[in-house]
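In: Kindly return the folded structure for what I paste below:
(chains A, B and C)
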Amino acid sequence: MNPIIVWFRQDLRLADNPAFTHAAKSGRPVICLFVLDDGAAGEWKWGGASRWWLHHSLTALNKSLKGHLVLRKGGAAQTIKALMRETGADQLVWNRCYEPFAVARDTGLKTALGAAAQSFNGALLHEPWEIKTGAGTPFRVFTPFWNAMLKRPVEKPKPVPRAPHFAIAPSDSLADWKLLPVKPNWAHGFDWTPGEKPAQDALYDFLDQVDDYGRSRDLPDRDGTSRLSAHLHWGEISPRQAWHAVRARHHSEGSETFLKELGWREFCAQLLFHNPDLPSQPLDRRFAKFPWRKNEKDFQAWTKGRTGIPIVDAGMRQLWQTGWMHNRVRMIVASLLIKHLGIHWRQGEEWFWDTLVDADLASNSANWQWVAGCGADAAPFFRIFNPVLQGEKFDPQGVYVRRFVPELENCPDKYIHKPWAAPVSPENYPEPIVDLAAGRDRALGIFRALKR
DNA sequence: TGAAATGTTGGGGCG
DNA sequence: ACGCCCCAACATTTC
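Out: Presented below is the predicted three-dimensional model:
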C-alpha cells in the first residue's frame, strides 16, 4: 500500500488530532511531516519567540512519534509534491489553519491534488463559517456570537490512535533550522515546557483552581490564568479537550468565565477568517486617517520597559524575559502605547508578534484593534486605562512590579505605582516619559477632532 | 475587560 | 430646634 502523509502544522499533538487519527486508521504506512514554510506567511512569518517554542515542540512531537517526524524546509506545495514523488505517497491529510495566507496556500494544494488531499478541524471548537447571525452574516459583536456558539454542541475529543506503521523518509536536522536564538540567547529566562504532555499537565493543574478564575485571573502576581495560550496556539492541546475537561467537573462562575475566553479565541479566529486584512487595517475604517504619532524613542522605551511607569515596565520586561505577559497587563501596556503615547497599534502588534510565545495572528490583531477602539465589539477609544490606578487595583502590594523592576525594590508600597511622587526618588529608574494626565487629554482631543 | 467630572444625598459640626 | 456648610459616599454622565 502507498504511504499517507500527515502534514503537521499548528496541531503538534497525537490526541484529538483528526488528521493523524485518520491516517493511523487507514492501515497505510504513515509519513509525519512538518514543513518550515517561511515564504508563505510574508510579513507574518514566525517571530523569534514562536521559533523558540516551535523548536522545542517539534522535538517533543518527534519523541512521541519515536523519531519518525520528517522535517522539510521550503514552499509547502512544492515540498509536499516532491515528498509524494519520492516516497510514492498518494494521500495527504492535515488539520486546517485559518490565517488568510494559509487558506490560500492550502486551497491551492487541495485543488492540485483533488481527492488525494483531505483536511480536518483540529484547531477550533466550530468552523468560522458555521456561526452566523439570523441574516447569515458573521457576528461582529461578541455576546450574540457567544450565545449562538453555546447552542452548538462541541465535539468530543478523540483518543490517541493505536501507533501506525511509519514509512521512512529522510529528514532535515532540526538544529540546521536554527530556530533557537544564539549570541545573545535572549530566551535563557523562558520558563516554559512546550509539548503535548506538558500541555495536558498545564490543563489539569489549572482545573484545580478554575473555580477561582473570575477573581484571580486579574492579579498578575499570581498564576491565576490558565497559561494555556501557547499550547493552544501550537495545537499541543485542542480547545475541545480543554472545553470538555472543564465541563465534565466544573460549573462555577470561574469555569464559565474561562469557557468564555475560549469563546473569545473562536471569535477572533472567525474575525480574521472573514476579514483577511485584520492584521493591517482597522476594521472601523474611520480610524484609517487617525494621526498616529511617530516617535521611535518612546517606542523603544516602551519595548525595553523603560517608560518610568512601573506596571507598564514590569509587563514589558516580563514579556522580554519570559516570552509571555499576563493578560491584565497586556491591556495596560497596549492602552499606554496607543492612547498616552499616540503610537500606532500596529507597532505594538508587531512587537508582540516577535516576542510572545503564544503569538497568534487572529488573537493578536483582533485584540490590538480591540484596545485601539477600531476593532469588532471594541472598547471605545475614550476608555483609557490609568496605569497607576490599574496597578493599585490589581497589584496592591507591588509584588508583580518588584519582581520585574528590581530598581523599585525599596520603594514604599504607597508609591510603588507612582515613584515620581515619592519623597526620595528611586535610583536608576527613569522619570515617566509621558505625563499621564496630559497624554490622556491629548488622546481625547485628537479623538474629538476626528469624530467631527 | 475605565476614569474623571458632575450631580445627589445625608450625617454631623456648629452658630 | 433650626439652618447652613462641609464633605464623604454613592450615582450618573461624559469623555
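In: element containing A:Thr107, please.
Out: helix A:100-113 (DSSP states H and E).
In: My guess is A:Ala334 contacts A:Gly373. True?
Out: No: contact status for A:Ala334 versus A:Gly373: not in contact, 11.1 Å apart, counting by C-beta atoms under 8 Å. Glycine gets a C-beta too; all of them are placed from N, C-alpha and C.
In: distance of A:Gly27 from DNA strand C?
Out: Note on A:Gly27: its distance to DNA strand C, by C-beta to the nearest atom of the strand, to the nearest Å, is 63 Å.
In: related to what we said a few turns ago, list the neighbours of the helix holding A:Thr107 that are in contact with it.
Out: With C-beta atoms under 8 Å, 6 or more residues apart in numbering as the test, helix A:100-113 has contacts from A:9, A:37, A:40-42, A:44, A:76-77, A:80-81, A:92, A:94, A:96-97, A:117, A:119, A:272-273, A:276.
In: Could you give me the PyMOL syntax to select whichever of these are buried?
Out: In PyMOL, this line selects whichever of those come out buried by 16 or more other C-beta atoms under 10 Å:
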select buried, chain A and resi 9+37+40+44+76+77+80+92+94+96+97+117+119+272+273
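In: which parts of chain A sit against DNA strand B?
Out: Within reach of DNA strand B by C-beta under 7 Å from any atom of the strand, chain A has these residues: A:142, A:261, A:264, A:327-328, A:331, A:379, A:382-386, A:389-390, A:393, A:436-437, A:440.
In: which among the residues you listed are in contact with DNA strand C?
Out: Answer for these near DNA strand C (C-beta under 7 Å from any atom of the strand): A:Phe382, A:Arg383.
In: What subset of the residues of chain A next to DNA strand B is buried?
Out: Looks like these have A:Phe142, A:Glu261, A:Trp264, A:Arg328, A:Met331, A:Ile384, A:Phe385, A:Asn386, A:Gln390, A:Leu436, A:Arg440 buried, using 16+ other C-beta under 10 Å.
In: got the residues you listed as TSV, with pLDDT and secondary structure columns?
Out: Formatted as TSV, these follow (pLDDT from 0 to 100; DSSP: H, G, I helix; E, B strand; the rest coil):
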residue	pLDDT	secondary structure
A:Phe142	96	helix
A:Glu261	97	helix
A:Trp264	97	helix
A:Arg328	97	helix
A:Met331	98	helix
A:Ile384	97	coil
A:Phe385	97	coil
A:Asn386	97	coil
A:Gln390	96	helix
A:Leu436	96	helix
A:Arg440	96	helix
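In: A:Val141 - how many residues pack around it?
Out: 11 (other C-beta atoms under 10 Å).
In: Roughly how far does it sit from A:Thr133?
Out: 9 Å (C-beta to C-beta, to the nearest Å).
In: Check A:Gly439 too.
Out: For A:Gly439, the distance to A:Thr133 (C-beta to C-beta) stands at 38 Å.
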